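K.L.:
The following comprises the amino acid sequence and a computationally predicted model.
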Amino acid sequence: MKIGYLGPKATFTDLAVTTMFPFAEKYAYDTIPECIDAVSNGEVELGVVPLENALEGSVNLTIDYLIHEQPLPIVGEIIAPIQQHLMVHPYYKEHWNDVREIYSHSHAIAQCHKFLHTTFKKAKYVYMTSTSAAAKFVSEHPHLPIAAIANEMAAKEYGLEIVKANIHDYDYNHTRFIIVRKQNEELSLQSTLYAGDKTTLMIALPKDQAGALHQVLSAFAWRRLNLTKIESRPAKTGLGNYFFIIDIDQKMDDVLIPGAIAELEALDCTVQVLGSYPYYII
């Protein structure tokens, strides 16, 4: 099986893919649109891209591209912990306190603010395109007093020494990665990491009016359908026009969810099923 993912190698996306699909052929793409396009064009069978981080929020590019450009079905989700480590070239292993510059993605640096503020008050932060790119840069400059913040996979990939593990501020930081496919075929993945199923809908209101969102939520509430996420995104049709992304905490059934969709359509809402799929927690 060929799987595309948001690269480069040894990113958190790569780590999630390697954990869930250890024997797959992996292809790294530079951007989220490139990865999704590769699925649409048939270059790879599955694509894995980040959707949401517990601290930084949704990855808007992923949502918008699936809605407006490449409406591929979501067939699975991977929830992975984000564990950030401080790493240096082995040459600097014994003198890592003398580091003058910290390289990483801006989100990673923000997620480790407390540690960095306490330990490296005078260090300069250098933002890179990814945590993996930061690790690669440090590995290529062994005699510079620099360090990277990245995951364990990046340390192994680029031969760096982890001098401080788990330097992130919050232990509950996780990222949701979605798996997309060209055809809406069920993901045949037998894994002990399976944690449940969910259904994701896109709902556009007919017009801006008082109580419109309340009517939408009522369609789910009286059917006892548990919603795990509600998010609004600009519809890109004018200021003040939005659509809603709603996650339902169960697989598509024959009665409840179709009934809710029918009720919403009777209210002139536009409803699109983005996917009904299993999710896995690493």
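P.N.:
Arrived safely, thanks for sending.

K.L.:
Enumerate every residue touching L55.
P.N.:
Neighbouring residues of L55 by CB atoms under 8 Å, 6 or more residues apart in numbering: H107, A110, Q111, Y170, N173. C-beta: built from backbone N, CA, C; applies to glycine.

K.L.:
and with 10 Å instead?
P.N.:
I82, H107, A110, Q111, H168, D169, Y170, Y172, N173, H174, T175 (CB atoms under 10 Å, 6 or more residues apart in numbering).

K.L.:
Figure out the length between the terminal residues of stretch 245-253.
P.N.:
End-to-end span of stretch 245-253 (CA to CA, to the nearest Å): 19 Å.

K.L.:
again with stretch 116-135
P.N.:
Using CA to CA, one end of stretch 116-135 lies 17 Å from the other.

K.L.:
next one: that stretch to chain centre, how far?
P.N.:
21 Å (CA atoms, centre = their mean, to the nearest Å).

K.L.:
same deal with stretch 78-90?
P.N.:
15 Å.

K.L.:
Pull out the buried positions in it.
P.N.:
I78, I79, A80, P81, I82, Q83, Q84, H85, L86, M87, V88, H89 (16 or more other CB atoms under 10 Å).

K.L.:
What's the separation between the second one and I281?
P.N.:
What that stands for is I79. 5 Å (CB to CB, to the nearest Å).

K.L.:
In this structure F120 contacts R100, no?
P.N.:
Yes. Contact criterion CB atoms under 10 Å: F120 and R100 qualify, at 8.6 Å.

K.L.:
so how far does stretch 101-113 reach from one end to the other?
P.N.:
Start-to-end span of stretch 101-113 (CA to CA) is 14 Å.

K.L.:
circling back: any common contacting residues for F120 and R100?
P.N.:
Counting by CB under 10 Å, 6+ apart, the residues touching both F120 and R100 are A147.

K.L.:
Tell me which of those two has more neighbours.
P.N.:
F120 (19 against 12; other CB atoms under 10 Å).

K.L.:
Find the helix or strand that P22 is a member of.
P.N.:
Using DSSP states H and E, P22 sits within no helix or strand.

K.L.:
now the helices for this protein?
P.N.:
12-20, 32-40, 60-68, 106-111, 113-119, 131-139, 152-158, 212-221, 256-266 (DSSP state H).
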